[in-house]
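everything below, folded, please.
(chains A, B, C and D)
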There are 4 protein chains.
Amino acid sequence: MIIIMSPAAATAELERVIERVRSLGLDVHLSQGEERTIIGVLGNTAGIDRTSFEVMAGVESTVRITKPYKVASRDFKPANSVIDVRGVKIGGPELIIMAGPCSVESRSQILESAQAVKEAGAHILRGGAYKPRSSPYSFQGLGEEGLELLAEARALTGLPIVTEVLSPDEVPLVCQYADILQIGARNMQNYRLLQAVGNVQTPVFLKRGLSSTIQELLMSAEYILANGNYNVMLCERGIRTFETYTRNTFDINAIPVLKQLSHLPVIGDPSHGTGKWDLIAPIARAALAAGADGLMIEVHPNPDLAWSDGAQSLNPARFDALMSELRALASVLGRSL
Amino acid sequence: MIIIMSPAAATAELERVIERVRSLGLDVHLSQGEERTIIGVLGNTAGIDRTSFEVMAGVESTVRITKPYKVASRDFKPANSVIDVRGVKIGGPELIIMAGPCSVESRSQILESAQAVKEAGAHILRGGAYKPRSSPYSFQGLGEEGLELLAEARALTGLPIVTEVLSPDEVPLVCQYADILQIGARNMQNYRLLQAVGNVQTPVFLKRGLSSTIQELLMSAEYILANGNYNVMLCERGIRTFETYTRNTFDINAIPVLKQLSHLPVIGDPSHGTGKWDLIAPIARAALAAGADGLMIEVHPNPDLAWSDGAQSLNPARFDALMSELRALASVLGRSL
Amino acid sequence: MIIIMSPAAATAELERVIERVRSLGLDVHLSQGEERTIIGVLGNTAGIDRTSFEVMAGVESTVRITKPYKVASRDFKPANSVIDVRGVKIGGPELIIMAGPCSVESRSQILESAQAVKEAGAHILRGGAYKPRSSPYSFQGLGEEGLELLAEARALTGLPIVTEVLSPDEVPLVCQYADILQIGARNMQNYRLLQAVGNVQTPVFLKRGLSSTIQELLMSAEYILANGNYNVMLCERGIRTFETYTRNTFDINAIPVLKQLSHLPVIGDPSHGTGKWDLIAPIARAALAAGADGLMIEVHPNPDLAWSDGAQSLNPARFDALMSELRALASVLGRSL
Amino acid sequence: MIIIMSPAAATAELERVIERVRSLGLDVHLSQGEERTIIGVLGNTAGIDRTSFEVMAGVESTVRITKPYKVASRDFKPANSVIDVRGVKIGGPELIIMAGPCSVESRSQILESAQAVKEAGAHILRGGAYKPRSSPYSFQGLGEEGLELLAEARALTGLPIVTEVLSPDEVPLVCQYADILQIGARNMQNYRLLQAVGNVQTPVFLKRGLSSTIQELLMSAEYILANGNYNVMLCERGIRTFETYTRNTFDINAIPVLKQLSHLPVIGDPSHGTGKWDLIAPIARAALAAGADGLMIEVHPNPDLAWSDGAQSLNPARFDALMSELRALASVLGRSL
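Below is the predicted model:
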């Protein structure tokens, strides 16, 4: 961190700032120019609140130079992290497709979905048993029954399963069934939940918050990593902007940026990123072309009868057609599928 | 809800939509025009996902007519809700000021803060014992020790206390100390937490999420109300926009809108709404002028030594001066302070 | 400007940056720390593109220290600018109210509007003769006939008139009629138009763009000032955010921020800032409480028959009632009305 | 348009709305349900302001059913529009690459740029002679001298040229040199300029405004089309969001949406869409994968000496490498390059 003093700063103000830096266990390096003094702060400033210096008398502004995340950073680990989920390797040369319905609705629905996505070539089955819904009056998921049905679908198809967990006290139960724990967008800054999934070893699929910056996503990953779980995947799923034609604005820029800044695998979610089934194919292609390590796509046997998110789900035939397109695309991107 | 069929919709498509409506236990009223058919959906549609109809063949668009929240609505309860917290009445004619430091840092800091805000005329003491921080390496609050210090400050000054709770399993402990449970902006859609505070009777101070719409804030209030806790206050604390000069953009419009749509008390938070102490006074005045029932303001004995949020905290002298301004303002607004 | 070199920067890279700075006619001051070198750039950097340095090899980041606007800055002119428009002083102790219909529709409509707002105590009449409409098929304004009607309304009531100008080549004509030239939000960065109104002496009412930052607003003011017209007023009229309940989000923070950063008068527009007539009164009060020097309010004899913006216009009776409220408010704010 | 009356609407209120509809030359179709009456409005409602009905007593809400743009709509013209610029066909099966520097800086710079992009396979040369700059103190472009240099570069390479026009009165001059007139993002709603370029036959390259919706972009295209110039291309160049790591957020969703809604060619601009040269390649690939008809890319012989936008420009070697990647990609997308 660098603290830039104002040209009018008094010596006593400068001394007060230096004293404050030292009281936090950090050291200073002074650069005295003709007009102003600049203080370089030496030491681990990751937990420091810059604004607390900006408010001090005589300070003009501060600049953060080091990144506030450490373990999530590519500086910390230059090589890509590859996460092994029952033999499926996420983050390596192969593109990984996670597919399935928004919610587990019934035994037949999830088994039919699992078989359909398996046949089309998907690697991982998704399905929600605990659903975060904006209305308390909406369907909230089948709960543990849903988890059991997912396990049955896994037994049938061999596909590992990813499913959402909503609360720290539900982590142990969901871990009994899930191969990957999903943290939903609305919980990206639910720090108690991040700590809880950081304390297990089940891989975590962390979705970017609706209005979270790229840096905040990496800070949330850091919470999990700092607690000891290194199996974290990042998911771009669209952000909230002024545009209302689409449900969210898929931040395609975030994909190459996350790959530059971090070693963690990056997955794109074109279903939530657009909210419309007929935009899934072009955005799925775009996400891979931009460097994503895989995709999460909502697939439902009968999208127009789905209990949730039908508008952004593909039916099995369309998903199958998309998979063919993506295989052709993978080849020119130097990846396999 | 109204479903607008496209001019080209086939009779079979229309019938499929009607069948779907009826399968959800709702009834239809058809309006057949020259160009197109419009379906009025009769019954309780609060939990219905409109997009699941929009994806059906032959449907052009849908329109929600009734509000998705019920108990939070002024239609449900036309008179203002007034919440009594140890004799302090929030939502009535008197304007209520909640003040205190961002975090409880030490015994002397919180006792000094409590006495200062009490002397200046505040009604409720705020202070965080559990802090949601974007970095896992930042100060996370004193925990239960912080709650004990808050209770001591209450004993000293008589001021009721409001403090944040982060996780469903911490609700019972925080309820032992707090007079008001704060749900922070990052947890506004943490539905398990909303359910947990809905299952107690301690009043809840619900902060609007950084990028949550007014309707989503009311839906989150509905979660608490629907679980049986009717003591809910709403807080506008600034939203995330493209403007970076201020930490957040205080959505002044939300104050009269919330008062129109809901009977719940509405509190403005100019500290988080601006992020800068020298903007607190004008935005505090503006929030009251727009119809807020009170304010939450960060006050610290030494803002430039605060462990968090020092940049947006007033010192006691400035807070005292602001209170005088607000008293003069209250008189022309037909309120007391 | 400060250029922060990366710890790994080679000497040749440092020299290349220094050479580039000097090639722009600027000087450098070096601060060589243990870890990295920091280059202070001395001289007038207002027109320099910082990103062109950030892309150079060895550069880690740059920080702007001086503001990119000069004449608009309060540093340049510490005292408030007061603009005299036919004896009405904008920016002084008196709060100034500009009111009238969105568009001039007919002789009777504008004369009736002018008399109504005059009687209620407004100081300036607004009315659009050239309307920027998002649809080419919408009413585009009466053009010069509208200007003539505005002049007749001025003759009748004595109120100076403010009206919008859309194009550089229309500036001379509009100047023949208008006392204040309005630059609309969509033209805030129409630099040819800013230059054109900078080359006359008619006062300019500059509306903030829908998604322009506070700094960009001040830069657009700077365009006018740098061309020699010092009679500029700034208008906060709401910004575009994710919230859709209101037409725009009125950025109340911008009012005290603009008063801190600049000496120019600041006017709030609660009609555009909310888009709803029943939100005008609370936001009008809030804008003044936050420090605005005046308001622009849409008033129409029959809002529900207005050709444009009826939904955000007051009728004369409601405007009259609001003026009474604002007079009471002015007294506690140390202003007059 | 559909007008939904409130359940409590009085008969007189209904009649007043009907009368208003008819006074605008439109007809009504009534659907009287048990609870409420719905008014279908028949006729051309493209220029109607819906909010003017929403403000009428007894009206609950209104819904637009027809699109407010006509000529730009794919309903109006189902087949793709292909624009022929000196034999280069934009909007057909071949992907079109426009490349060159942000600004024309000197004879040698633009000739060198033109030859480099020509050799790498670009189809059209870009370069700014009139630059809209946020600071009045920044380089504003070489003006007519820049246009002459562009014409010389065209003579040398055979590449058609696209260059920006800022003001209606400059349209005739720029038309003498340019093969395509660029309307920049800040001028997307400069309606006088849109009318001016609508009155010539030179093709227009219309960039989406920083915070304009997809519908607003199409309405601005409609302005040009409605004035008689059918040669319009649309450009997605990133929108303004809360994310600050990138200069803009490239709205990848907009590409397939625009292709669905309109027959006009759609071009992606990854330079402005990201602001960083090292993000251009992934976003260029993504834009084509999402269905763009071409790209506009900033290329400069020496990006770190560029007078503007150096940070988002490729050098010739990197541009050449990107072109190879894009050719491979085109083949799997069913396009040629």
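
what about the residue nearest to A:Arg208 when sequence neighbours are not counted, which SS state?
With Cβ to Cβ, 6 or more residues apart in numbering or on different chains as the criterion, A:Arg208 has its nearest non-adjacent residue at 4.7 Å, and that residue is A:Leu217. In short, each C-beta sits where N, CA and C put it, glycine included. Here A:Leu217 is recorded as helix under DSSP: H, G, I helix; E, B strand; the rest coil.

and for A:Leu217, the neighbour number?
A:Leu217 is flanked by 26 other residues according to other Cβ atoms under 10 Å in any protein chain shown.

what's the distance between it and chain D?
Going from A:Leu217 to chain D by Cβ to the nearest Cβ, to the nearest Å gives 10 Å.

pull up the residues of the stretch 201-337 of chain A that are close to chain C.
The stretch 201-337 of chain A has residues A:Ser211, A:Arg240, A:Thr241, A:Phe242, A:Thr244 near chain C, with proximity defined as Cβ under 8 Å from any Cβ of the partner chain.

residues of the stretch 1-150 of chain A that sit close to chain B?
With Cβ under 8 Å from any Cβ as the criterion, the stretch 1-150 of chain A meets chain B at residues A:20, A:44, A:46-47, A:49, A:51-52, A:54-57, A:68-69, A:132-139.

so which of these would count as near chain D as well?
Applying Cβ under 8 Å from any Cβ, the subset of the residues of the stretch 1-150 of chain A next to chain B adjacent to chain D is empty.

write the ChimeraX selection for whichever of the residues you listed are buried.
A single ChimeraX command selects the buried members of the residues of the stretch 1-150 of chain A next to chain B (16 or more other Cβ atoms under 10 Å in any protein chain shown):
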select /A:20,46,49,51,52,54,55,56,68,69,132,133,134,135,136,137,138
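
next step: the residues of the stretch 1-150 of chain A next to chain B restricted to helices.
When the residues of the stretch 1-150 of chain A next to chain B are checked against helices (DSSP state H), the matches are A:Arg20, A:Thr51, A:Ser52, A:Glu54.

can you tell me which of those residues is nearest chain D?
Chain D lies nearest to A:Thr51 out of those, by Cβ to the nearest Cβ, at 16.1 Å.

what is the helix or strand where A:Leu111 lies packed up against?
Element membership for A:Leu111 (DSSP states H and E) is helix A:107-120. Applying 3 or more Cβ pairs under 8 Å, 6 or more residues apart in numbering or on different chains; DSSP states H and E, we find helix A:107-120 packed against strand A:96-100, strand A:124-126, helix A:144-157, helix A:316-332.

chain C contacts on the stretch 51-200 of chain A?
So far as Cβ under 8 Å from any Cβ goes, the stretch 51-200 of chain A lies against chain C at A:Glu60, A:Ser61, A:Val63, A:Ile65.

pull out the buried members of these.
Among those, those that count as buried by neighbour count (16+ other Cβ under 10 Å) are A:Glu60, A:Ser61, A:Val63, A:Ile65.

please name the bridge partners of the third one.
Judged by DSSP bridges, the bridge partners of A:Val63 are A:Ile2.

assign a three-state SS to the residue in the stretch 101-250 of chain A that chain B sits nearest to, would you?
At 3.2 Å from chain B, A:Ser211 is the closest residue in the stretch 101-250 of chain A, using Cβ to the nearest Cβ. Secondary structure for A:Ser211, judged by three-state DSSP, is coil.

so it touches D:Phe242, yeah?
Yes: counting by Cβ atoms under 8 Å, D:Phe242 is a contact partner of A:Ser211 at 5.8 Å.

overlap in contacts of the two?
Common contacts of A:Ser211 and D:Phe242 (Cβ atoms under 8 Å, 6 or more residues apart in numbering or on different chains): A:Ile239, B:Ser211, B:Arg240.

flag whichever of those residues scores worst on pLDDT.
Least confident entry in the shared contacts of A:Ser211 and D:Phe242, by pLDDT: B:Ser211, with 92.

so what's the residue count around that residue?
By other Cβ under 10 Å, 22 other residues sit near B:Ser211.

ok, now which ones touch the residue lying closest to it once chain neighbours are set aside?
With Cβ to Cβ, 6+ apart as the criterion, B:Ser211 has its nearest non-adjacent residue at 3.2 Å, and that residue is A:Ser211. Neighbouring residues of A:Ser211 by Cβ under 8 Å, 6+ apart: A:Ile239, A:Arg240, B:Leu210, B:Ser211, B:Arg240, C:Phe242, D:Phe242.

try it again with 6 Å
A:Arg240, B:Leu210, B:Ser211, B:Arg240, D:Phe242 (Cβ atoms under 6 Å, 6 or more residues apart in numbering or on different chains).

and if you look at A:Leu329?
Contacts of A:Leu329 by Cβ under 6 Å, 6+ apart are A:Arg285, A:Leu288, D:Val332.

now the two most distant members of the ones in helices among the residues of the stretch 1-150 of chain A next to chain B.
Within these, two members stand farthest from each other by Cβ to Cβ: A:Arg20 and A:Thr51, at 13.2 Å.

measure A:Glu112 to D:Gln215 for me?
38 Å (Cβ to Cβ, to the nearest Å).

ditto for A:Asp293
For A:Asp293, the distance to D:Gln215 equals 34 Å [Cβ to Cβ].

and the residue lying closest to A:Leu147 once chain neighbours are set aside, how many neighbours?
Spatial nearest neighbour of A:Leu147, chain neighbours left out: A:Tyr177 (4.0 Å); criterion: Cβ to Cβ, 6+ apart. Neighbourhood size, A:Tyr177 [other Cβ under 10 Å]: 17.

A:Tyr177 contacts A:Leu149, doesn't it?
No: using Cβ atoms under 6 Å, A:Tyr177 is not in contact with A:Leu149; the gap is 9.6 Å.

residue ranges for the strands of the stretch 151-300 of chain A, please.
Taking DSSP state E, counting those that start in this stretch as the test, the strands found in the stretch 151-300 of chain A are A:161-164, A:180-183, A:204-207, A:232-236, A:266-268, A:294-298.

for the shortest one, packing partners?
So that's strand A:266-268. Applying 3 or more Cβ pairs under 6 Å, 6 or more residues apart in numbering or on different chains; DSSP states H and E, we find strand A:266-268 packed against strand A:232-236, helix A:254-261, strand A:294-298.

same question, the last one
Packed against strand A:294-298, as judged by 3+ Cβ pairs under 6 Å, 6+ apart, are the following elements: strand A:96-100, strand A:266-268.

hmm, try it at 7 Å
On a contact count with 3 or more Cβ pairs under 7 Å, 6 or more residues apart in numbering or on different chains; DSSP states H and E, strand A:294-298 meets strand A:96-100, strand A:266-268, helix A:270-274, helix A:277-289.

would you mind checking the average pLDDT for it?
Here the average pLDDT along strand A:294-298 is 98.

off-centre distance for that strand?
Per Cα atoms, centre = their mean, to the nearest Å, the displacement of strand A:294-298 from the mean C-alpha position of its chain is 13 Å.

and the pLDDT at A:Glu34?
Reported pLDDT at A:Glu34 in the predicted model: 66.

revised request: answer the last question for A:Glu60.
pLDDT for A:Glu60: 84.

could you do the one 3 residues further on as well?
On the pLDDT scale, A:Val63 is placed at 80.

now do the contacts for it.
Each residue near A:Val63 by Cβ atoms under 7 Å, 6 or more residues apart in numbering or on different chains is listed here: A:Met1, A:Ile2, C:Ser61, C:Val63.

which one of those is nearest to chain B?
Nearest to chain B, judged by Cβ to the nearest Cβ, of the contacts of A:Val63 is A:Met1 at 13.4 Å.

from what I see, the closest one and A:Ile65 are in contact.
Yes: with contact defined as Cβ atoms under 7 Å, A:Met1 counts as touching A:Ile65 (6.4 Å).

if we can go back for a sec, now render the residues of the stretch 51-200 of chain A next to chain C as CSV, adding secondary structure.
What follows is those, written out as CSV (three-state DSSP):
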residue, secondary structure
A:Glu60, strand
A:Ser61, strand
A:Val63, strand
A:Ile65, coil
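
noted, bye for now.
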